[in-house]
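Colleague: give the three-dimensional model of this entry:
(4 chains)
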Number of protein chains: 2
Amino acid sequence: MNNDYELYKLKAELCKTFADPKRLMIINQLRHGEKTVGNLTQVLQVPQAVVSRHLAVLRSRGIVTTRRDGVNVYYSLANPRIVDACDIVHEILLEQVARNRDIAEKLLL
Amino acid sequence: MNNDYELYKLKAELCKTFADPKRLMIINQLRHGEKTVGNLTQVLQVPQAVVSRHLAVLRSRGIVTTRRDGVNVYYSLANPRIVDACDIVHEILLEQVARNRDIAEKLLL
DNA sequence: TAATTATATACGCATATATGTATATAAGCA
DNA sequence: TGCTTATATACATATATGCGTATATAATTA
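Modeller: Below you'll find the predicted structure:
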């Protein structure tokens, strides 16, 4: 029973990794293939140090892997399942929005 | 482009909800049907106030719904998809463990 | 109404997380 | 070697999060 708690802690750690909008944007960028830090910095529109730090978090939790080619470091998703997880979060959010819209309509009509 | 960021913030908020071991335990308890705060307090083995606060977080993010029956408040999952999300997190964790085991074996042999 | 049970919230505190800025490391090239 | 580009990290700081404790609210019953 108590040993279970360690498992839930690991799962929570994993979820923490997804609990930041910029990291979710990075994951979304990597969805269709590897990207360099420079690529991601350009897309996210934040200082390069910010991107590097988020990538460090993703690396430390095993969400992404890296490959160096000369000066550039290419990041990619370590596991295709990660995309599925993001998709489900998206779906849950959509259903919440739909539900809220229903409530709003009932209140307004 | 910038409007996208708001969407990622919402998704991150949703992930934050899952980013705590006790909340994950609560969700797992609710997987097979509604439970009272008392039930959950007994399972989690923490002060009742702790459970109530976590339930408040889950409520505020639309993860659970409540139903009062007399003195008791029954909590249940608002969306069956939430279980799917937790299952995928579980799978990702398992694959990570498996990968680490492979690495460990290569190092030891 | 008073007492009891079940649940929710307020307050103070300790820890975690994200960021800006500056700097360090690493590879490639003149 | 010195310079430039690409990436990573250190430090200080602001904000967020979880918890223990105490207390508030709500429903039930005597």
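
Colleague: flag every residue of chain A that's near DNA strand C.
Modeller: Applying Cβ under 7 Å from any atom of the strand, we find that chain A lies next to DNA strand C at A:16, A:19-20, A:22-23, A:46-47, A:49-50, A:53-54, A:57, A:68, A:70-71. In short, each C-beta sits where N, CA and C put it, glycine included.

Colleague: who wins for neighbours among those residues?
Modeller: When neighbours are counted by other Cβ atoms under 10 Å in any protein chain shown, A:Arg23 leads these with 24 neighbours.

Colleague: so which of the residues of chain A next to DNA strand C sit within helices?
Modeller: Using DSSP state H, the members of the residues of chain A next to DNA strand C that fall in helices are A:Lys16, A:Lys22, A:Arg23, A:Ala49, A:Val50, A:Arg53, A:His54, A:Val57.

Colleague: relative to DNA strand C, how far out is A:Ile63?
Modeller: Separation of A:Ile63 from DNA strand C (Cβ to the nearest atom of the strand, to the nearest Å) stands at 13 Å.

Colleague: next, count neighbours for that residue.
Modeller: When counting by other Cβ under 10 Å, one arrives at 23 neighbours for A:Ile63.

Colleague: do the same with the one 10 residues further on
Modeller: By other Cβ under 10 Å, the residues close to A:Val73 number 16.
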